[in-house]
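Trainee: Sequence below, structure please.
(2 chains)
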Protein chains: 2
Amino acid sequence: MDSDELRAWLRLALTPGVGNATARKLLAAFGSAQAIFEQSSATLQQIGSDKLANSLRSEPSGLAVQRQTTMDWLQAGDDRRIAVLGDPAYPPVLLDIEDPPLMLYMLGTLAISILSATEKIAKSLAIVGSRNPTPQGESNARQFAKAFGGAGICVVSGLALGIDGAAHDGAMLGGGETIAVVGTGLDRVYPKRHLDLAHRIARQGMIISEFPLGTPPLTANFPKRNRIISGLSRGTLVVEAALQSGSLITARLAAEQGKEVFAIPGSIHSPQSRGCHALIKQGAKLVEVAQDVLEELRLAPGASGAAPAALQAPPEGDEADEAAGTRDDPLLAALGFDAVSLDALQARTGLDTAHLQAGLLELELDGQVVRLPGGLFQRMAAG
Amino acid sequence: MDSDELRAWLRLALTPGVGNATARKLLAAFGSAQAIFEQSSATLQQIGSDKLANSLRSEPSGLAVQRQTTMDWLQAGDDRRIAVLGDPAYPPVLLDIEDPPLMLYMLGTLAISILSATEKIAKSLAIVGSRNPTPQGESNARQFAKAFGGAGICVVSGLALGIDGAAHDGAMLGGGETIAVVGTGLDRVYPKRHLDLAHRIARQGMIISEFPLGTPPLTANFPKRNRIISGLSRGTLVVEAALQSGSLITARLAAEQGKEVFAIPGSIHSPQSRGCHALIKQGAKLVEVAQDVLEELRLAPGASGAAPAALQAPPEGDEADEAAGTRDDPLLAALGFDAVSLDALQARTGLDTAHLQAGLLELELDGQVVRLPGGLFQRMAAG
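Mentor: Numbering: from 1, shown residues only, chains lettered A, B, ... in the order given. Next up, the predicted model:
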């Protein structure tokens, strides 16, 4: 893209009153961004309102600065690229969504080769969820992402705190690549706590934004970027989500885009599982292990597509070893897998406070138990 | 049922080589249990094998003792009854299952009145699950059963340790009645630890068995009784179950009988939740609260049957007000379609609590908003 072309696209993006839908209409009418700005007021008025025509005829303030910033950013490395609608570098899958972004800023090793980016995106899965997950939820996100990464699946998420961060991290731990779709300009990192993570992602995947450089973290932009997360992915896995959360928006968008939605269940008493349960009630696939997702989407290496026949249970009998693995430690058995208070544990085990605290501390140091806010304890799954 | 009739039914039940299916064939051919034993060998051979005819012509050993035991048991109180196929006291719903029991022994206050037993069974739900539940699972069983009992629903289960016991107990705590379908003769209680519970059930419901008095706990009989648990109930709720467990058999039988199956989800790391997750994957309804079950089966007092459409949210961001019907009422627009807390609504609308409460009440009375547990409000999708 040459400098004049970039200037026209930036001008289109920055013109007040021109949203994605209007921009697409103008592009369809005049063939290119540059051509739009060569039209007379009269011609423009045939497409839109007088107000729109006026808006398009006057240069938006700050355009020159924005253009310089963007040129400088592009020239600062070979791992950055801007793809506009119609470019070969524009991910084809995003053309299938209802509101494809006008411009995509991409930064990272995956931005270097259009071919490898396209290949990776064709085999990608989104993992999203709460910014305030339970420790188990965060661990689940990391483990699923690690398994996906290990299976050569690119993990797409939103760089947010909590589940998103664990998903990016897990994918890279598994040796896979990961894509972070962010709600700010690519020269900003939000949240600040993920600055190091963002740098790692740029080295093992890429960061994508539809927002111009310099765009600060604005509340309205975060739900907007969710359609890109689901749009890039074959399916979306929600790890933990409260009933009111952006993750449910991403899941809804995925379903609207005809993509599969997966959700991890949890305790009926955990607010962070309510969103997942609501999704399952509405048709999302309940998943327990990463393999469930890979098989459903036929992404598993050598997958047969056959699901285990869980209901072929033998006749009832001695269930003594039903809960194998909890027998070894009575305190672990008493904990179950839900968050439990010290009082409840005392009632269940009959142990006095001192012994209980000592036992819990030991399990905590061993990584088998975590201490939650509000004086609650929760058992962590092995691995 | 007079003494001769009872004798004939017991003889039919005790004759070697005569299972339920053969017994039903013989009853259909000759009209009554007594008539079977009045037939000649030649006539009997037209229905079954020579061996069967011989078996039917010779009195099974122990018949006299069994008859006396049964007569004594029946005469020991007015809260006991034997219902045979075709009796007015035989629960009509059991005629719909594939293998209806030949004889039903019933003990408890519900056995006194055929009418009240039939009424209770018409509004009953099964709760089943692991004999080794987690503490939270056992508490969930008790809480769900208590809610069912409080709603006038009779809870059916199997008197086993763990979930079954908690379900019976919870139903009675809620002031409801409960039915225990057992795998032994009614003069035996298994497990022994539930002796006191069995006595309480006899006072606030009934215990049912298809097995002759004196039948000890035999491994093969427990899965057999599961078809009666599901057969008596409108639906079956599995609270916690390992992958290989009798509860999954009950759930499968319920599904085969065209009954609804419900399952409570849990941690993906809890072995006791795996069975529930397998059921949900295969189409069982995920439930989080007792109301979910009652509404699905239209057993809730004053239930409309309409579930909240939590995911039918309008697109977020500046397109939100393009959704039809949100322009008229700013409060509806602020609600979106997700569950919203009062605090969040206040932040969105800037209204004070009094005005907000008044507006929500109006929308609620108008059927446009529902009040959810946890102080949440949710907009109902139109239509």
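Trainee: Stretch A:120-130 spans what distance, first to last residue?
Mentor: 25 Å (CA to CA, to the nearest Å).
Trainee: Tell me which residues of that stretch come out buried.
Mentor: A:120-121, A:123-130 (16 or more other CB atoms under 10 Å in any protein chain shown). To be clear about C-beta, it is placed using only N, CA and C from the backbone, and glycine gets the same treatment.
Trainee: from the residues you listed, which is closest to residue A:297?
Mentor: Residue A:297 lies nearest to residue A:125 out of the buried residues of stretch A:120-130, by CB to CB, at 7.5 Å.
Trainee: which ones among the buried residues of stretch A:120-130 are found in helices?
Mentor: The members of these that map onto helices under DSSP state H are A:120-121.
Trainee: could the buried residues of stretch A:120-130 go into CSV alongside distance to chain B?
Mentor: Listed next are these as CSV, based on distance: CB to the nearest CB, whole Å:
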residue, distance to chain B
A:120, 27
A:121, 23
A:123, 24
A:124, 23
A:125, 17
A:126, 16
A:127, 15
A:128, 14
A:129, 14
A:130, 14
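Trainee: Dump the buried residues of stretch A:120-130 into CSV; add pLDDT and distance to residue B:47 as well.
Mentor: As requested, the buried residues of stretch A:120-130 are exported to CSV (pLDDT from 0 to 100; distance: CB to CB, whole Å):
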residue, pLDDT, distance to residue B:47
A:120, 95, 71
A:121, 94, 70
A:123, 94, 65
A:124, 97, 67
A:125, 98, 62
A:126, 98, 65
A:127, 98, 64
A:128, 98, 66
A:129, 97, 65
A:130, 96, 67
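Trainee: Under a three-state scheme, what state does residue A:82 occupy?
Mentor: Secondary structure state of residue A:82, per DSSP: H, G, I helix; E, B strand; the rest coil, is strand.
Trainee: I'd say it and residue A:6 touch.
Mentor: Yes: the criterion here is CB atoms under 8 Å, and residue A:82 meets it with residue A:6 at 7.1 Å.
Trainee: Give me the common contacts of the two.
Mentor: Listed contacts common to residue A:82 and residue A:6 are residue A:70; contacts here mean CB atoms under 8 Å, 6 or more residues apart in numbering or on different chains.
Trainee: Show me what the most centrally placed residue in chain A bridges to in the sheet.
Mentor: Closest residue to the average C-alpha location of chain A: residue A:157 at 2.1 Å, with CA atoms, centre = their mean. Following DSSP bridges, residue A:157 is listed with bridge partners residue A:180.
Trainee: Ramachandran coordinates for residue A:100?
Mentor: phi -60, psi 140 (degrees, to the nearest 10).
Trainee: I meant to write residue A:288 there.
Mentor: phi -110, psi -30.
Trainee: Could you do residue A:372 as well?
Mentor: phi -100, psi 160.
Trainee: try residue A:294
Mentor: phi -60, psi -40.
Trainee: Direction included, what does the helix or strand encompassing residue A:207 pair against?
Mentor: Using DSSP states H and E, residue A:207 falls within strand A:205-209. Paired with strand A:205-209 in the same sheet, following DSSP bridges, are strand A:103-107 (antiparallel), strand A:178-181 (parallel).
Trainee: would you turn those into JSON lines with mean pLDDT and mean neighbour count?
Mentor: Output for the strands paired with strand A:205-209, formatted as JSON lines (pLDDT from 0 to 100; neighbours: other CB atoms under 10 Å in any protein chain shown):
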{"stretch": "strand A:103-107", "mean pLDDT": "97", "mean neighbour count": "24"}
{"stretch": "strand A:178-181", "mean pLDDT": "98", "mean neighbour count": "30"}
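Trainee: export these to TSV and tack on distance to residue B:68?
Mentor: Converted to TSV, those look like this (distance: least, CB to CB, whole Å):
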stretch	distance to residue B:68
strand A:103-107	88
strand A:178-181	77
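Trainee: Get me the contact residues on the stretch 151-300 of chain A for chain B.
Mentor: When proximity is defined as CB under 8 Å from any CB of the partner chain, the stretch 151-300 of chain A approaches chain B at A:220, A:223-224, A:226, A:243-244, A:248-249, A:251-252, A:255, A:264-269, A:273-274, A:277-282, A:285-289.
Trainee: show me where pLDDT drops low in the stretch 201-350 of chain A?
Mentor: Low-confidence segments of the stretch 201-350 of chain A, defined by pLDDT under 70, span residues A:302-328.
Trainee: Which residue ranges of it form helices?
Mentor: Per DSSP state H, counting those that start in this stretch, the stretch 201-350 of chain A carries helices over the ranges A:221-232, A:246-256, A:271-281, A:290-296, A:330-335, A:342-349.
Trainee: which residues are in contact with the longest one?
Mentor: Okay, so that is helix A:221-232. With CB under 8 Å, 6+ apart as the criterion, helix A:221-232 contacts A:91, A:93-94, A:96-101, A:121, A:124, A:126, A:128, A:156-158, A:160, A:179, A:181-184, A:208-211, A:215, A:236, A:246, A:249-251, A:253-254, A:257, A:259, B:316-317.
Trainee: of those residues, buried ones?
Mentor: A:91, A:93-94, A:97, A:99-101, A:121, A:124, A:126, A:128, A:156-158, A:160, A:179, A:181-184, A:208-211, A:215, A:236, A:246, A:249-251, A:253-254, A:257, A:259, B:316-317.
Trainee: Tell me the backbone dihedrals of residue A:47, please.
Mentor: Dihedral angles for residue A:47 - degrees, to the nearest 10 - are phi -90, psi -40.
Trainee: and it, how many neighbours?
Mentor: Neighbour count for residue A:47, taken as other CB atoms under 10 Å in any protein chain shown: 17.
Trainee: which residues does it contact?
Mentor: Here residue A:47 is in contact with A:25-26, A:29 (criterion: CB under 8 Å, 6+ apart).
Trainee: hang on, the earlier thing: quick one: the strand holding residue A:207 to chain centroid distance?
Mentor: 12 Å (CA atoms, centre = their mean, to the nearest Å).
Trainee: now it and helix A:221-232, what's the angle there?
Mentor: 130 degrees (axes from the mean of the first three to the mean of the last three CA atoms, to 10 degrees).
Trainee: isn't residue A:21 right next to residue A:101, touching?
Mentor: No: with contact defined as CB under 8 Å, residue A:21 and residue A:101 do not form a contacting pair (11.8 Å).
Trainee: State which helix of chain A is the longest.
Mentor: Chain A, longest helix under DSSP H: helix A:135-150.
Trainee: how much does it deviate in direction from helix A:271-281?
Mentor: Going by the same axes, to 10 degrees, helix A:135-150 makes 50 degrees with helix A:271-281.
Trainee: Helix A:135-150 near chain B at all?
Mentor: Yes: against chain B, helix A:135-150 shows contacts by CB under 8 Å from any CB at A:136, A:140.
Trainee: Check stretch A:331-342 too.
Mentor: Yes: using CB under 8 Å from any CB, we find that stretch A:331-342 touches chain B at A:334, A:336-338, A:340.
Trainee: What are the buried residues along that stretch?
Mentor: A:331-340.
Trainee: repeat for stretch A:209-224
Mentor: In stretch A:209-224, counting by 16+ other CB under 10 Å, buried: A:209-215, A:217, A:221-224.
Trainee: So what's the gap between it and the chain middle?
Mentor: That offset, for stretch A:209-224, works out to 15 Å (CA atoms, centre = their mean).
Trainee: next one: stretch A:105-116
Mentor: Chain-centre distance of stretch A:105-116: 18 Å, with CA atoms, centre = their mean.
Trainee: same check, this time on stretch A:24-34
Mentor: Distance, centroid of stretch A:24-34 to centroid of chain: 31 Å (CA atoms, centre = their mean).
Trainee: can you tell me if that stretch touches chain B.
Mentor: No: Stretch A:24-34 stays clear of chain B (CB under 8 Å from any CB), getting no nearer than 14.3 Å.
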